[in-house]
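here is a sequence together with a model predicted from it:
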Amino acid sequence: MGRQRKQKNFQVDEYESPDEKLAKEALKGDVHTDYLGKKQQTVRLSLPVGVDPKPFPPLMSNDSPTPTLDWVLQNETPFRVFDGDIEIQEMEDYIVYLVPKFHLPAHIPKCQTSFSFNFTPGVGRTDGESPERGWSSANGIASSTKEMGPGSRNDTLDDHFGDYNWRKIIGMANTFVRKAKEAITAREEHVEAFIEFDAALPVEVTTEWTRLCQAWEKDSSQINPYVIPKGKGKGATVTERDVRLKLAAEDAASLARGDAIQVHDDISPSLLIYQGLQFEELQHRITHDSSKLGLHATSLQQSRILERSNSLRRRIDAWISIQHLYMPVVASIRSRDDAGATEPVAVQDIKLFLPSFNTVTLQCSHLLLKCEWEYRNAQAEETLTSLRALLLLRSHMYKSKHQHSRGQRMQTRSQKLLSDVQDKINYLVKTYRRIHTALENLSPSLIETSWRTVYRPLLDEDVAGLTSLDDSGSEGRKQLSWIWKVQGTGADADACTQAGKQTIRKSTIT
């Protein structure tokens, strides 16, 4: 887009308004710039495009974004305004109208998905902003050319544009070599990341996504797969409840066969582990909530924490008596610890001695180890799913705050909401790390190793949202955190799934 100025009562210098070029070319041709009269915006916009198309038979054209989109959205093209000798109709089938990447975010979402370079096959690393970059080299002569007559102005501009073209041409070799070296290395990184991400998604999802993309690329009237639909869908993440149902079914089958290992009438081994994990989570919740009380907590806040602690202590005491039946070694360990204790232990500090605490010392049965292993895997997947959803929410909240929050009152409320979301993210990060440690402790006894490729250690730099939703760098240089490339990513809620689809598509294009 040229240097149009739409401010009221602002007069545009004649030099500053050559407004139309073929963005396909970074050079300035003799018929690809034009003068606009004072206060003139788009009346003569199409003339430089239609005058001399033959030297540049484009497969794609990037016209000035806003006026050109007005024509396109009205089912017309800029070339239809001409009559006479200009034969351009046969080229219309080969022209794709796109908006430069820097200008695209200012447009409505429909335009952002329909006229994006990132979603168009064949553009490579083109961003469409080359015509804009050329103005900086000529801006310095504006104060001189605006005082010149037409002839002197044209000669001066021709000299400067010619020098610009010459410097551009002689520098092409070095530019191509530099970009080729960068592309070779970057391509390997992005191909590897794409293969890893694609392998984590269900085959039926990627197959359907590919079909939609190819259909839309051939015919833009088809469903646009890059438009994120509104609404929610049911996720397919494996949860603790799913594992509980599975293990309960296995217990029922064991009872029917008569080979069940059950030393308590009401509590099975799988239910014992499930309850222990629930108590562990409640302990960490109380610790987390207690840390947020501060020095000036009210009596009501303190009483609620105490009531929760008392209730949890009674439940844990009842559970411990049953645990000793299944894990006799734990009884002796607790007796030894209680004998050496001088002060009462806070409920959140009570050791539950689950099998993952120390598989060798506790001497647990294989059944208990297997039950906790199943639950921990479900916990890890469920925690990552919740973490991804909150990271998406945080990204959208940052964008909403930037676009809509004005003034101290709105900024304060927005910051408070963001702080609450960040607090939940931090808690989930700690939860996942605790689960990962438990998996590390259980895996040697169960001879499990494949889980390490799915559930990796979560570092601080890994806690990042989808790169398609942030503003850091260009699309081609962004890299996904591993949490978006694990199995189960494609089975998240619709918001995560659709955002993941856009990211995987961008990774293949850029």
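Cool, got the structure. Numbering: from 1, shown residues only.

ok, Glu196 - contacts?
By C-beta atoms under 8 Å, 6 or more residues apart in numbering, the contact list for Glu196 reads Lys485. Backbone N, C-alpha and C define where each C-beta goes, glycine included.

for it, give me phi and psi.
phi -70, psi -40 (degrees, to the nearest 10).

ok, it to Lys218 distance?
The spacing between Glu196 and Lys218, counted by C-beta to C-beta, to the nearest Å, is 29 Å.

what does Tyr398 give?
According to C-beta to C-beta, Tyr398 stands 36 Å off from Lys218.

these two: which has the busier surroundings?
Tyr398 (17 against 10; other C-beta atoms under 10 Å).

I figured the more buried one hits Leu418, correct?
Yes: the pair Tyr398 / Leu418 is scored as a contact, 7.1 Å apart, by C-beta atoms under 8 Å.

per-domain residue ranges of this protein.
Domain ranges of the chain: 1-147, 240-463, per automatic domain parsing.

ok, which of the ones you listed comes nearest Thr207?
Counting by C-beta to C-beta, Thr207 lies closest to domain 1-147 out of the domains of the chain; the figure is 18.7 Å.

contact partners of stretch 357-366?
With contacts defined as C-beta under 8 Å, 6+ apart, stretch 357-366 is touched by 261, 269, 326-327, 329-330, 333, 351, 353, 355, 369, 441-442, 444-446.

ok, and the most crowded of these?
Counting neighbours by other C-beta under 10 Å, Pro355 comes out on top of the contacts of stretch 357-366 with 28 neighbours.

distance of it from Asp163?
On the measure of C-beta to C-beta, Pro355 and Asp163 end up 76 Å apart.

what do you get for Gln323?
84 Å.

equivalent analysis for Arg257, please.
Taking C-beta to C-beta, one finds Arg257 at 89 Å from Asp163.

cool, and Val99?
Taking C-beta to C-beta, one finds Val99 at 29 Å from Asp163.

comparing those two, which residue is more hemmed in?
Neighbour totals were compared for Val99 and Asp163, and Val99 leads with 26 against 12 (other C-beta under 10 Å).

does that one touch Cys111 like I think?
Yes: in this structure Val99 lies within contact range of Cys111 using C-beta under 8 Å: 6.6 Å.

what's the burial count for Leu416?
That one is not Leu; residue 416 is Lys. 10.

which SSE is it in?
With secondary structure defined by DSSP states H and E, Lys416 is part of helix 407-446.

can you pull the buried residues of that helix?
Neighbour-count burial for helix 407-446, counted by 16 or more other C-beta atoms under 10 Å, picks out 414, 418, 421, 425, 427-429, 431-432, 434-436, 438-439, 441-443, 445.

please name the nearest non-neighbouring residue to Leu439.
Leaving aside its sequence neighbours, Leu439 sits nearest to Arg376 (C-beta to C-beta, 6 or more residues apart in numbering; 5.3 Å).

what's the helix or strand harbouring Gly151 packed up against?
Applying DSSP H and E as the criterion places Gly151 in helix 150-170. Contacts defined by 3 or more C-beta pairs under 8 Å, 6 or more residues apart in numbering; DSSP states H and E place helix 150-170 against helix 135-138, helix 142-145.

what's the least confident stretch among those?
Ranked by mean pLDDT, the helices and strands packed on helix 150-170 bottom out at helix 135-138, with a mean of 78.

would you mark the buried spots in that one?
Ala138.

repeat for stretch 135-152
For stretch 135-152, a neighbour-count test (16+ other C-beta under 10 Å) marks Ala138, Ile141, Thr145, Met148 as buried.

between those, which sits nearest Arg394?
Sorting the buried residues of stretch 135-152 by how near they are to Arg394, with C-beta to C-beta, puts Ala138 at the top with 42.7 Å.

isn't that closest one right up against Gly162?
No: between Ala138 and Gly162 there is no contact under C-beta under 8 Å: 11.3 Å.

residue ranges with poor pLDDT in the protein?
1-27, 29-94, 228-237, 259-260, 359, 403-407, 467-478, 487-510 (pLDDT under 70).

which residue ranges of it form strands?
Here the chain has no strands by DSSP state E.

coming back round to it: just put the buried residues of stretch 135-152 in CSV and tack on distance to Gln408.
Conversion of these to CSV gives the following (distance: C-beta to C-beta, whole Å):
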residue, distance to Gln408
Ala138, 43
Ile141, 45
Thr145, 46
Met148, 50
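
which one of the residues you listed is nearest Val191?
Nearest to Val191 among those, with distances taken as C-beta to C-beta, is Ala138, at 39.8 Å.

and the residue nearest to Thr113 when sequence neighbours are not counted, how far from Lys218?
Leaving out its chain neighbours, the residue that sits closest to Thr113 by C-beta to C-beta, 6+ apart is Tyr226, at 4.3 Å. Tyr226 sits 15 Å away from Lys218, going by C-beta to C-beta.

equivalent analysis for Val345, please.
Val345 is 68 Å from Lys218, by C-beta to C-beta.

and what of Asp158?
Counting by C-beta to C-beta, the gap from Asp158 to Lys218 is 43 Å.

again with Glu440
49 Å.

could you dump the domains of the chain to TSV with distance to Thr210?
Shown next, in TSV, are the domains of the chain (distance: least, C-beta to C-beta, whole Å):
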stretch	distance to Thr210
domain 1-147	13
domain 240-463	23
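
to Trp209, which of the ones you listed lies closest?
Nearest of those (C-beta to C-beta): domain 1-147, 12.9 Å.

burial count for Gln379?
25.

got a list of what the residue nearest to it when sequence neighbours are not counted touches?
In space, Gln379 comes closest to Ile435 once its chain neighbours are excluded; the distance is 4.9 Å by C-beta to C-beta, 6+ apart. For Ile435, the contacting residues are Arg376, Gln379, Ala380, Thr383, Tyr455, by C-beta under 8 Å, 6+ apart.

who wins on neighbours among those residues?
For the contacts of Ile435, neighbours were counted using other C-beta under 10 Å, and Arg376 has the most, 28 neighbours in all.

state the distance from that residue to Pro344.
30 Å.

and what of Pro109?
In this view, Pro109 and Pro344 are 59 Å apart by C-beta to C-beta.

picking up where we left off before, can you put the helices and strands packed on helix 150-170 in TSV and add distance to Gln301?
What follows is these, written out as TSV (distance: least, C-beta to C-beta, whole Å):
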stretch	distance to Gln301
helix 135-138	59
helix 142-145	65
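
how about the ones you listed, which one is nearest Ala183?
Closest among these, using C-beta to C-beta: helix 135-138, at 25.3 Å.

now that closest one: how far from the chain's centre is it?
36 Å (C-alpha atoms, centre = their mean, to the nearest Å).

ok, now stretch 99-118?
That offset, for stretch 99-118, works out to 18 Å (C-alpha atoms, centre = their mean).

for that stretch, buried residues please.
Buried, per 16+ other C-beta under 10 Å, within stretch 99-118: 99-101, 103-104, 107, 111-118.

out of the buried residues of stretch 135-152, which is nearest to Arg308?
Ala138 (70.1 Å).
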